[in-house]
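In: what's the 3D shape of this:
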Amino acid sequence: MAFPTMNAKSVSRLVLSSTAASATGLLERILTGQTGNLFSVPAVVDVSGMEFSVAILMDSGSGTKGIEASTADTSRLEVTFEDGGASGDNATAGLLFSASSLSSTVAWVAYVPRDAGGTSTTDLDADDWVNFLIATNATTVPGVGAAEVAVAYIFGKPGVIN
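Out: Just a heads-up that it's a prediction; the model follows:
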């Protein structure tokens, strides 16, 4: 039994720094550890079928569009998506994918989003939140100030296995 196409959803969100640098009026870097509640799922979701995408829109400090600092920063942007549990408070946090493709090993390229597929063997329960977490951002001024985040998923399970 196939999933109904109505159950396919895509969520896109702009994630910004919460403050502006007073000296320049531009965004400051998004803080390491900053978590955002993206959305709550309407029914059970098989995480292995989820797709995650992140694009860097603007660095901080200079306002350069679309790229993270490509200098010798030792801590570049690394992001994760997590199961925030029913309350979204991150207390039951579990990574929804292996973060290797969204890691800090290289600078992000201008206008090129990075993608990752869900790898968790644990399903999201109905009403669980999907959280976006900045695991690491550059510690220097030109860290990431704004990112576009997208998640695609199919909710529910075919009736024959419910």
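In: alpha carbons only for contacts and neighbour counts from here, please
Out: Noted.
In: Tell me where the model's unsure across this structure.
Out: For the chain, applying pLDDT under 70 flags the ranges 1-5, 18-26, 61-75, 91-93, 99-101, 104-107, 110-111, 139-142, 158-162.
In: Please enumerate the strands of this protein.
Out: 8-16, 35-40, 51-59, 78-85, 114-117, 129-136, 144-154 (DSSP state E).
In: Which strands or helices does the last one pack on?
Out: Other helices and strands packing on strand 144-154, by 3 or more C-alpha pairs under 8 Å, 6 or more residues apart in numbering; DSSP states H and E, are strand 8-16, strand 51-59.
In: Sheet partners, orientation included, of the first one?
Out: Sheet neighbours of strand 8-16, with direction, are listed as strand 144-154 (antiparallel) (DSSP bridges).
In: Could you check the strand it pairs with and say which residues are buried?
Out: Of all the residues in strand 144-154, those buried under the rule 16 or more other C-alpha atoms under 10 Å are Val144, Gly145, Ala146, Ala147, Glu148, Val149, Ala150, Val151, Tyr153, Ile154.
In: Against Ala150, how distant is the spatially closest residue to the last one that is not a sequence neighbour?
Out: So that's Ile154. Among residues not flanking Ile154 along the chain, Ala8 sits closest, at 4.4 Å (C-alpha to C-alpha, 6 or more residues apart in numbering). Separation of Ala8 from Ala150 (C-alpha to C-alpha, to the nearest Å) stands at 13 Å.
In: same thing with Lys9?
Out: Going from Lys9 to Ala150 by C-alpha to C-alpha gives 11 Å.
In: Please apply the same query to Trp129.
Out: Distance from Trp129 to Ala150, by C-alpha to C-alpha: 14 Å.
In: likewise Glu82?
Out: For Glu82, the distance to Ala150 - C-alpha to C-alpha - is 14 Å.
In: The residue lying closest to Ser40 once chain neighbours are set aside: neighbour count?
Out: With C-alpha to C-alpha, 6+ apart as the criterion, Ser40 has its nearest non-adjacent residue at 4.2 Å, and that residue is Trp129. When neighbours are counted by other C-alpha atoms under 10 Å, Trp129 registers 24.
In: same deal with Val45?
Out: There are 20 residues near Val45, going by other C-alpha under 10 Å.
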